[in-house]
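**Q** using only what follows, build the 3D model:
(chains A and B)
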Amino acid sequence: GENVEQHPSTLSVQEGDSAVIKCTYSDSASNYFPWYKQELGKGPQLIIDIRSNVGEKKDQRIAVTLNKTAKHFSLHITETQPEDSAVYFCAASKSSASKIIFGSGTRLSIRP
Amino acid sequence: GAGVSQSPSNKVTEKGKDVELRCDPISGHTALYWYRQSLGQGLEFLIYFQGNSAPDKSGLPSDRFSAERTGGSVSTLTIQRTQQEDSAVYLCASSLMSGGSFYEQYFGPGTRLTVT
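**A** You can find the predicted model right below:
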């Protein structure tokens, strides 16, 4: 069945450094890849998404890349700040009438 | 405007009892999802409603779990004969879905269920 794997499960970086989270998906028909951020005690919130017709998308300090051939996609956060500390989830979906499958999450900690 | 709301925010129940969890999606959102999140874990898909189509129930872990969505709006997730392993945060999300396009899922704050 559909599966999304996410690595690493925890990540600690120095404030100001970059953080990279990687995901792979199993279903080659997947064409929508959102990333969610979850702060303690809250529901996940979309931070950026990418569709299969593009290879990269940027929004200020956040960028996502997609390699459809390898079925890999990644989240890059540059110039990390304390407020970036949270759990990040990648996800994949293959159609507008299909469920979205989430990765297992990455707990990102920013060291001051 | 108002976001996705869920009630109750916390529920403690005894093993074997039935529970009902409620989700009020954002007005006008045609898609509604239920997920389960165990402590420190990822989001486990449970069920998905899209408009008037038959729901995708492929994520429901057992026949003790069921959900309905009345009038295309409010949804109720029911867990019968609760077990301790049902303890988790149950999250609801809604989104627009039209014309074959994807839209952002908006999540509610969740219901923390504890089965004693």
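
**Q** got the contact list for residue 106?
**A** No chain in the question, so chain A it is. Neighbour list for A:Thr106: A:6-11, A:21, A:87-89 [criterion: C-beta atoms under 8 Å, 6 or more residues apart in numbering or on different chains]. No exception for glycine: its C-beta is placed from N, CA and C like everyone else's.

**Q** hmm, no, I was thinking of chain B.
**A** Residues B:3-4, B:26, B:29, B:93-95 are the ones in contact with B:Tyr106 under the rule C-beta under 8 Å, 6+ apart.

**Q** which residue packs closest to it, ignoring adjacent ones?
**A** In space, and not counting its chain neighbours, B:Tyr106 is closest to B:Val4: 5.3 Å by C-beta to C-beta, 6 or more residues apart in numbering or on different chains.

**Q** phi, psi of the one you found?
**A** phi -70, psi 130 (degrees, to the nearest 10).

**Q** got the contact list for it?
**A** Residues counted as contacts of B:Val4 (C-beta under 8 Å, 6+ apart) are A:43, B:23-26, B:92-94, B:106-108.

**Q** repeat that for B:Val89.
**A** Contact partners of B:Val89, counting by C-beta under 8 Å, 6+ apart, are B:36-38, B:110-113.

**Q** tell me what it is bridged to.
**A** On the basis of DSSP bridges, B:Val89 is bridged to B:Gln37, B:Arg112.

**Q** about what we covered before: pull out the buried residues from the contacts of B:Val89.
**A** Using 16 or more other C-beta atoms under 10 Å in any protein chain shown as the burial test, these include B:36-37, B:110-113 as buried.

**Q** and which of those is nearest A:Ile48?
**A** Among the buried ones among the contacts of B:Val89, B:Gln37 lies closest to A:Ile48 (C-beta to C-beta), at 21.0 Å.

**Q** element containing A:Cys90?
**A** strand A:86-92 (DSSP states H and E).

**Q** neighbouring strands - and their directions - for that strand?
**A** strand A:32-38 (antiparallel), strand A:101-102 (antiparallel), strand A:106-111 (antiparallel).

**Q** JSON lines for those strands, including mean pLDDT?
**A** Shown next, in JSON lines, are the strands paired with strand A:86-92 (pLDDT from 0 to 100):
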{"stretch": "strand A:32-38", "mean pLDDT": "93"}
{"stretch": "strand A:101-102", "mean pLDDT": "90"}
{"stretch": "strand A:106-111", "mean pLDDT": "96"}
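
**Q** B:Gly71: what secondary structure?
**A** Classification of B:Gly71 by DSSP: H, G, I helix; E, B strand; the rest coil places it in helix.

**Q** so which bits of chain B are right by chain A?
**A** Counting by C-beta under 8 Å from any C-beta of the partner chain, the residues of chain B close to chain A are B:4, B:33, B:35, B:41-43, B:45, B:48, B:50, B:53, B:56, B:58-59, B:91, B:93, B:97, B:100-102, B:104-105, B:107-110.
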